[in-house]
Structure formats: structure tokens, C-alpha cells
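Asks: Prediction below, plus the sequence it came from.
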Amino acid sequence: MTTATPEARRRTRAFARVIGPYVATFTIVYAIRLPDLPGLVGDLFAQPGLILLLGAMMLAAGLVIIGGHRSWRGPLAVTVSLFGWFVAIRGFLLIAVPGAVESGVDATMLSPTALTVARVFFGVLAVIGLLLTYAGWFRPVR
């Protein structure tokens, strides 16, 4: 397997600079506030126009990452690319089947076990966000 080009490494680092702090901040706050969010989620899904807009923005953001970051060489590049696909798929699902997404969220909020699993999941994502932040901002360029 060949190594990524310098341009691909710079692009990966640039995406990590943006995605890392976003993921770290959002997931830490979300993991802490998860039990308090059922009312907010219910209000959000009660507004179909807002869900459509949110889904469209997520799909667009995911496609920007997918289109702008085509490298899959190395753990950092794979993480950035997978994040783009994850966001795009979530956005598509919000547009295509918002009821299924809402049902999944409701089921998670009602189950103490699923809520714990969700908190652990968001904790892992927070660590990944911190690693992306480090790699994007503080790791020496090679």
C-alpha cells in the first residue's frame, strides 16, 4: 500500500481541525445532557420542516466531506472519511424516514440500558473527537 500524497495529508489534517473540536464538544455535552433531552427531541420531531432542513444540512455537510476528502490511507484519513459517510447517511435518513429515526430515539430514551449504551457511545465519539483535534491542530506535519 502506498502512502498518501502530501496534498491528501494536508486535506485530512484540515478536515480533522474542523471535525475534531465539533465532535468532541458536541458529544461531551450530549453525553452529559442525554437524560434531559427527551422534551427537546419531541419538540424537534414535532416540526417536520425543521427535520427536513436539519436532514438536508447534514446530508450536504456529509457530501462536502465525502467529496472533499477522498483519502482512505491511514487511521486519521479513514476516521475523517467515515465521519463524512456517517453524517451523510444520518441526513438522508432524516429526510427519507424521519419517523423511524424518531422511533429509534424514543426507544433509546425510554430504556435505561440503551441510554447507558448511548452515553458510552458518545463518550467514545468524544475521545475520537479529541484525537482528531490533536492530530489536526497539534501533531507535527510529516
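Replies: Happy to help now that I have it.
Asks: Spell out which residues sit in contact with the residue nearest to Ala114 when sequence neighbours are not counted, please.
Replies: Using C-beta to C-beta, 6 or more residues apart in numbering and skipping residues adjacent in sequence, the residue nearest Ala114 is Thr108, 4.5 Å away. Where you see a C-beta, it was placed from the backbone N, CA and C, and this is true even at glycine. For Thr108, the contact set (C-beta atoms under 8 Å, 6 or more residues apart in numbering) comprises 114-115, 118.
Asks: Please give the element, helix or strand, for Thr108.
Replies: In this assignment (DSSP states H and E), Thr108 forms part of helix 98-110.
Asks: Can you name the element that comes right after that helix?
Replies: By DSSP H and E, the next helix or strand past helix 98-110 is helix 112-133.
Asks: Output that next one as PDB, nothing but the C-alphas.
Replies: Coordinates of the C-alpha atoms in helix 112-133 are reproduced here as PDB (Å, rounded to 0.1, in the frame of the first residue of the first chain):
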ATOM      1  CA  PRO A 112     -32.100   2.700  30.800                       C
ATOM      2  CA  THR A 113     -29.800   0.100  29.200                       C
ATOM      3  CA  ALA A 114     -29.900   1.800  25.800                       C
ATOM      4  CA  LEU A 115     -29.400   5.200  27.500                       C
ATOM      5  CA  THR A 116     -26.200   3.800  29.100                       C
ATOM      6  CA  VAL A 117     -25.000   2.400  25.800                       C
ATOM      7  CA  ALA A 118     -25.700   5.700  24.100                       C
ATOM      8  CA  ARG A 119     -23.700   7.500  26.800                       C
ATOM      9  CA  VAL A 120     -20.800   5.200  26.300                       C
ATOM     10  CA  PHE A 121     -21.100   5.500  22.500                       C
ATOM     11  CA  PHE A 122     -21.000   9.300  22.800                       C
ATOM     12  CA  GLY A 123     -18.000   9.100  25.200                       C
ATOM     13  CA  VAL A 124     -16.100   7.000  22.700                       C
ATOM     14  CA  LEU A 125     -17.000   9.600  20.000                       C
ATOM     15  CA  ALA A 126     -15.700  12.300  22.300                       C
ATOM     16  CA  VAL A 127     -12.400  10.600  22.600                       C
ATOM     17  CA  ILE A 128     -12.200  10.200  18.800                       C
ATOM     18  CA  GLY A 129     -13.000  13.900  18.500                       C
ATOM     19  CA  LEU A 130     -10.200  14.800  20.900                       C
ATOM     20  CA  LEU A 131      -7.800  12.600  18.900                       C
ATOM     21  CA  LEU A 132      -8.900  14.300  15.700                       C
ATOM     22  CA  THR A 133      -8.400  17.700  17.300                       C
END
